[in-house]
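1. Just to be clear, the model below is a prediction. Sequence and coordinates:
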Amino acid sequence: MEQRLLGKVAIVTGAGQGIGQGVATRLAREGASVVIADYNAETANATAQEIAQSTGSATLAYSIDISDVTAGQIMVDAVVAKFGHIDILINNAGLSQTKPMLELTPADWDRILNVNQRGMFFVLQSVATQMIRQIPENERPTSTMADVVTIKKSETKTSDIPVRNHGKIVNLSSIAGRRGRPLATHYAASKAAVISITQSAALTLAPYNITVNAVCPGVVPTQMWKDIDADRGRLFGSQPGEAMAAFVNTIPLKRASTPEDIAGPIAFFCSADADYVTGQALNVDGGYEMD
Ligand SMILES: NC(=O)c1ccc[n+]([C@@H]2O[C@H](COP(=O)([O-])OP(=O)(O)OC[C@H]3O[C@@H](n4cnc5c(N)ncnc54)[C@H](O)[C@@H]3O)[C@@H](O)[C@H]2O)c1
């Protein structure tokens, strides 16, 4: 495989299993050193070992609960101590819950939003701050953030913007961030927030040539979807696999996606081919959503 990410250091949150594991494997296969950051230390360790053996890339298993908003900065310090720099963040760790909207409690709301929205934002903030810190003095933008937001288009000096990319951030949203979900209102709200945070971060970090994009997967049969399928079985009496099969039947490409289907577009966002792409949210869903 082409080594597009040779020399890069990538943090992937929630990489102990599922989509995150697939993404970390793909980035390592493209030459990146990968930090397998996960709440579950056991799966993080196993994944880090497996990736190191199968790809030859350097790996670090890191135990983190991203809902602790101080944890992102501590992780940044640990990764910089080991690798010296951070070039890529995949903000993937997430939780879902299937429950009718009228039955949601404040505790349900906080549990999902504290990870998917609040936690992911503060990890992004800590990593972005480190990415800015790493920029050599002569490549720093001369414009301040205030200049960037107030400057008239015609007055923009393209020479102020350094050409070299200084970081790539990819956030995991979902097709649930594109429209409401009566059985996962809090999850859908959190994933819509991920798209909004992606856009705000892209604007904030553009002067530094750090790009921020999101992907919106459809149905990926990970543990998350197994739980959704089981919950729908309990709520509606469907047999195991029935809820997922019904969803897959509505997908134009007529199949669920694999973690590798999601990892490819994410690797593209992390590559130099996407240096001029920022603030985007890409549906990776077999054609289910088209906006
Ligand atoms: N599976 C799908 O169909 C699907 C669809 C759209 C979006 N997504 C999104 O993709 C991402 C990955 O989903 P998945 O299907 O691989 O889920 P998964 O449940 O299989 O894996 C999630 C991983 O995140 C970790 N994690 C959970 N909470 C954490 C926390 N507080 N701190 C650190 N790590 C934590 C878990 O330990 C686990 O390893 C999520 O953000 C999810 O919302 C998934």
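-> That came through fine.
2. Only the buried residues of the helix or strand hosting Arg232, if you could.
-> Applying DSSP states H and E as the criterion places Arg232 in helix 223-236. Buried residues in helix 223-236, defined by neighbour count with 16 or more other Cβ atoms under 10 Å: 224-225, 228-229, 231-233. For every residue, glycine as well, the C-beta is placed using N, CA and C.
3. Please apply the same query to stretch 175-192.
-> Those would be 175-178, 181, 183-192, for stretch 175-192 by 16+ other Cβ under 10 Å.
4. Pull the distance from that stretch to the chain's centre.
-> 16 Å (Cα atoms, centre = their mean, to the nearest Å).
5. start to end distance for it?
-> 9 Å (Cα to Cα, to the nearest Å).
6. Rounded mean pLDDT for it, please.
-> When pLDDT is averaged over stretch 175-192, the result is 98.
7. Repeat that for stretch 244-255.
-> 96.
8. repeat for stretch 103-120
-> Mean pLDDT, computed over stretch 103-120, is 98.
9. Contacts for it, please.
-> 13, 65-69, 72, 91, 93-97, 99, 171, 185-187, 189-191, 193-194, 197 (Cβ atoms under 8 Å, 6 or more residues apart in numbering).
10. can that stretch be found next to the ligand?
-> Yes. With Cβ under 6 Å from any ligand atom as the criterion, the ligand is reached by stretch 103-120 at 115, 119.
11. same deal with stretch 180-192?
-> No. Figure legend: stretch 180-192 not in contact with the ligand (Cβ under 6 Å from any ligand atom); closest approach 6.6 Å.
12. and what of stretch 265-274?
-> No. Using Cβ under 6 Å from any ligand atom, we find that stretch 265-274 stays clear of the ligand, coming within 10.6 Å at best.
13. residues of that stretch that come out buried?
-> 265-271, 274.
14. among the residues you listed, which are in helices?
-> 265-270 (DSSP state H).
15. Pick out whichever of the residues you listed sits closest to the ligand.
-> Checking those against the ligand by Cβ to the nearest ligand atom gives Ile266 as the nearest, at 10.6 Å.
16. how much space between that closest one and Asp68?
-> Per Cβ to Cβ, to the nearest Å, Ile266 is found 25 Å from Asp68.
17. just Ile210 next, same as before
-> The value you get for Ile210 to Asp68, if Cβ to Cβ is used, is 24 Å.
18. which parts of the stretch 1-150 of the chain sit against the ligand?
-> Residues of the stretch 1-150 of the chain lying near the ligand by Cβ under 6 Å from any ligand atom: 13-14, 16-20, 38-40, 43, 64-67, 92-96, 115, 119.
19. Quick one: buried ones out of the residues you listed?
-> Buried, going by 16+ other Cβ under 10 Å: 13-14, 16-20, 38-39, 43, 64, 66-67, 92-96, 115, 119, out of these.
20. can you tell me which of those are in helices?
-> Those of those lying in helices (DSSP H): 18-20, 43.
21. Could you identify the most distant pair in the residues you listed?
-> For these, with distances taken as Cβ to Cβ, the pair at the greatest spread is Ile19 and Thr43 (13.1 Å).
22. So which residues of the stretch 151-291 of the chain form strands?
-> Assigned by DSSP state E, counting those that start in this stretch, the strands in the stretch 151-291 of the chain fall at 167-172, 210-217, 281-284.
23. Report all helices and strands that the last one contacts.
-> Applying 3 or more Cβ pairs under 8 Å, 6 or more residues apart in numbering; DSSP states H and E, one finds that strand 281-284 contacts strand 210-217, helix 259-270.
24. beta partners of Cys216?
-> Asn283 (DSSP bridges).
25. for the chain, what helix or strand is lowest in average pLDDT?
-> helix 145-150 (a mean of 62; mean pLDDT, DSSP states H and E).
26. So, low pLDDT: which residues of the stretch 1-150 of the chain?
-> Applying pLDDT under 70 to the stretch 1-150 of the chain flags the ranges 144-150.
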